[in-house]
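Trainee: Only the shape, not the letters, is given here:
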């Protein structure tokens, strides 16, 4: 099977996200000064970047959003699910032909795999970006989470735009 050229862009975005995510997490773990994460309490402050709005705070999330499916078998279920989603996205990328869609697929795929790496290595996902001081966004997250969120938003935008373009083409065909 020949992989279309545009598909490689999705894979490139995914790889870029994985590398950025893992590099930033490695930096955070280096700042903690230990390889035994069980010694570090969740919520451990790393740095006040822009007090009180933005801090770096260590958190090991062993669940999904809000800690759902945390611990034990949840780690493996989430990892298998995430790898499956990434596989489906990789396949979808071979059929995609729009830049926005390719970008979205790559971001979600890279974010999912970045977090899987953490689950397999640490038993949970290393989070550290803390905007809870804004009073609007109470969660601590990471680069992979950000990529997934932005990717999903772009998927929605792409669906809206492609539906709109389809309606415009249909109207143009009716007039001719």
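Mentor: Perfect, thanks for sending it. Here the structure is a predicted model, which means the values were calculated and not measured. Numbers count the residues shown, from 1 in each chain.
Trainee: buried residues in the host helix or strand of residue 105?
Mentor: Using DSSP states H and E, residue 105 maps to helix 99-122. Applying a neighbour-count criterion of 16 or more other C-beta atoms under 10 Å, one finds 101-119, 122 buried in helix 99-122. C-beta coordinates here come from the backbone N, C-alpha and C atoms, glycine included.
Trainee: Which secondary structure element of the chain has the lowest mean pLDDT?
Mentor: helix 143-175 (a mean of 82; mean pLDDT, DSSP states H and E).
Trainee: Correct me if wrong: residue 15 contacts residue 113.
Mentor: No - Residue 15 is beyond contact range of residue 113, at 9.1 Å (criterion: C-beta atoms under 8 Å).
Trainee: list the contacts for residue 128?
Mentor: 24, 25, 28, 46, 56, 57, 58, 59, 140, 142 (C-beta atoms under 8 Å, 6 or more residues apart in numbering).
Trainee: What is the nearest of those to residue 162?
Mentor: For the contacts of residue 128, the minimum distance to residue 162 (C-beta to C-beta) is 30.0 Å, reached by residue 142.
Trainee: To what extent is the closest one buried, counted in neighbours?
Mentor: 25 (other C-beta atoms under 10 Å).
Trainee: out of everything not next to it in sequence, what's closest to it?
Mentor: residue 127 (5.0 Å; C-beta to C-beta, 6 or more residues apart in numbering).
Trainee: Please name the bridge partners of the one you found.
Mentor: residue 59 (DSSP bridges).
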